[in-house]
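A.B. asks: Give me a 3D structure for the following:
(one chain, ligands or ions: 2)
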Amino acid sequence: MQADSDKSISEPGPVLREARRIVVKVGSSLVTNEGRGLDEQAIRQWSQQLAALVQQGRELIMVSSGAVAEGMKRLGWRTRPKEIHELQAAAAVGQMGLVQMYETQLRACGVGSAQVLLTHADLADRERYLNAKSTLLTLLQLRVVPVINENDTVVNDEIKFGDNDTLGALVANLVEADVLVILTDQKGLYTADPRRDPAAQFVHVARAGDPALEAMAGGAGSGIGKGGMITKILAAKRAAASGASTVIAWGREPDVLKRLCTGEAIGTALMAQTAKHQARKRWMSDHLQLRGAVVVDDGAVSKIVGEGKSLLPIGMTAVEGDFSRGDVIAVRDARGLEIARGLANYASPEARLLCRKVSADFERLLGYAAEPEMIHRDNLVLSRG
Ligand SMILES: Nc1ncnc2c1ncn2[C@@H]1O[C@H](COP(=O)(O)OP(=O)(O)O)[C@@H](O)[C@H]1O
Ligand SMILES: N[C@@H](CCC(=O)OP(=O)(O)O)C(=O)O
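C.D. replies: Residues are numbered from 1 along each chain as shown. Ligands and ions are numbered 1, 2, ... in the order given. Sure, this is the predicted structure:
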């Protein structure tokens, strides 16, 4: 596994060279300098790198922890409280400082930022999942860097375990990122916790999801962050389910993100074994039940199949079944043959109103202006070929 000589696993270096959409996760211990307060210099350096990469045309999302640790400092609390409501209060206080610092630093580099607070439950709900996805993709199109944290006010388990690694992976799944980069206080993954075992060996590259990795990861080392290496290993496995490889690297390595993007082999690369497109297809067929269908005309078939375009309501001739926004539906041609599947942007009653209509009419028909697509191409998988 460690084996640089293992030819069945790609070399760790190039993982990020071709990556366009990258989710970067930084842990509390780094962001708050082991709990001493927000590390302005570190946040400035990451922001400068994020901005440089955005200016190269890449899409960057930052998942940043540190709200509880910063809130504790601002409230003058020396030990992490046990009570959940106190942790939540600390997170609410600290989040203000956290996003303010990213906003200031990114703006100084000429790049806009946006605060996005999410919970795991948001991403398990089909409609919220689609809403979060379209917001994040819109921000990326606008070349704004979303700065994401957990919405700690409304969750119990997540704040107890303090694990943003999982959130990073869920975001990577959500936006179909090419790579998840997890920055932490170690150079990467070792065969055992290097704080406890001086003989631990560095792992350069391995397969995401390899069960042997889980045995290497002990608990959290710092007492500030709480997830430890195991949550990073599991996050890599989860990210790989949507085709994203993960790199675990030291957040204080100079120019770590820029160097990774030039193809330098820094940190541990945990390689996804399935390509993005295949992973999406498998996810749709494995996890979601077909709730209905739309029938489309020949023009729409050639746009979708021939050109890889989204399905627009103008090409729809009929709607079958009873489905909600976010459900998986089939797209059939006039002969009844299934050509694609995807996530519906409109529930069936609305879809019926929109058949054969141009987007300029949607607001009048529905009473609100929404997406021009019935199924966006990012959420559409061809059924044949
Ligand atoms: N096999 C391992 N390789 C590297 N670090 C490990 C390993 N097992 C446990 N750790 C510990 O995990 C810690 C990182 O996790 P954590 O403190 O939660 O960081 P973060 O705040 O970045 O999420 C390291 O400081 C290290 O002590
Ligand atoms: N969302 C919380 C907790 C997240 C957390 O501790 O995660 P991590 O340090 O990445 O293991 C915060 O911002 O403090």
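
A.B. asks: residues touching residue 322, list them.
C.D. replies: Residue 322 sits next to 291, 292, 348 when contact means C-beta atoms under 8 Å, 6 or more residues apart in numbering. For glycine as for every other residue, the C-beta is placed from the backbone atoms N, C-alpha and C.

A.B. asks: run the last query once more with 6 Å
C.D. replies: The neighbourhood of residue 322, defined by C-beta atoms under 6 Å, 6 or more residues apart in numbering, consists of residue 348.

A.B. asks: With residue 380 instead?
C.D. replies: Contacts here follow C-beta under 6 Å, 6+ apart; on that basis residue 380 touches 340, 342.

A.B. asks: can you give me phi and psi for it?
C.D. replies: Backbone geometry at residue 380, expressed as degrees, to the nearest 10, gives phi -120, psi 130.

A.B. asks: which stretches of the protein form strands?
C.D. replies: Counting by DSSP state E, the segments of the chain that form strands are 21-26, 59-64, 113-118, 145-150, 179-184, 205-207, 245-250, 268-271, 290-296, 316-321, 328-332, 338-343, 380-382.

A.B. asks: and the angle from the fifth one to strand 59-64?
C.D. replies: Same thing as strand 179-184. Direction vectors for strand 179-184 and strand 59-64, defined by axes from the mean of the first three to the mean of the last three C-alpha atoms, to 10 degrees, enclose an angle of 30 degrees.

A.B. asks: What pairs with strand 179-184, parallel or antiparallel?
C.D. replies: For strand 179-184, the pairing partners within the sheet under DSSP bridges are strand 21-26 (parallel), strand 245-250 (parallel).

A.B. asks: what stretches of the stretch 101-250 of the chain score poorly on pLDDT?
C.D. replies: Counting by pLDDT under 70, the stretch 101-250 of the chain contains low-confidence ranges at 160-162, 218-227.

A.B. asks: And the pLDDT for residue 60?
C.D. replies: We note a pLDDT of 98 for residue 60 in this prediction.

A.B. asks: quick revisit: select, out of the strands of the chain, the one closest to ligand 2.
C.D. replies: Closest of these to ligand 2 is strand 145-150, at 4.1 Å (criterion: C-beta to the nearest ligand atom).

A.B. asks: returning to what we had before: let's have the strands paired with strand 179-184 in JSON lines, adding mean neighbour count and distance to residue 311.
C.D. replies: Below are the strands paired with strand 179-184 laid out as JSON lines (neighbours: other C-beta atoms under 10 Å; distance: least, C-beta to C-beta, whole Å):
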{"stretch": "strand 21-26", "mean neighbour count": "26", "distance to residue 311": "23"}
{"stretch": "strand 245-250", "mean neighbour count": "25", "distance to residue 311": "30"}
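
A.B. asks: Including distance to ligand 1, could those go into TSV?
C.D. replies: Listed next are the strands paired with strand 179-184 as TSV, based on distance: least, C-beta to the nearest ligand atom, whole Å:
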stretch	distance to ligand 1
strand 21-26	7
strand 245-250	8
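
A.B. asks: Would you reformat the strands of the chain as a markdown table and include distance to ligand 2?
C.D. replies: Putting the strands of the chain into a markdown table (distance: least, C-beta to the nearest ligand atom, whole Å) gives the following:
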| stretch | distance to ligand 2 |
| --- | --- |
| strand 21-26 | 7 |
| strand 59-64 | 7 |
| strand 113-118 | 9 |
| strand 145-150 | 4 |
| strand 179-184 | 8 |
| strand 205-207 | 21 |
| strand 245-250 | 12 |
| strand 268-271 | 17 |
| strand 290-296 | 34 |
| strand 316-321 | 40 |
| strand 328-332 | 31 |
| strand 338-343 | 28 |
| strand 380-382 | 32 |
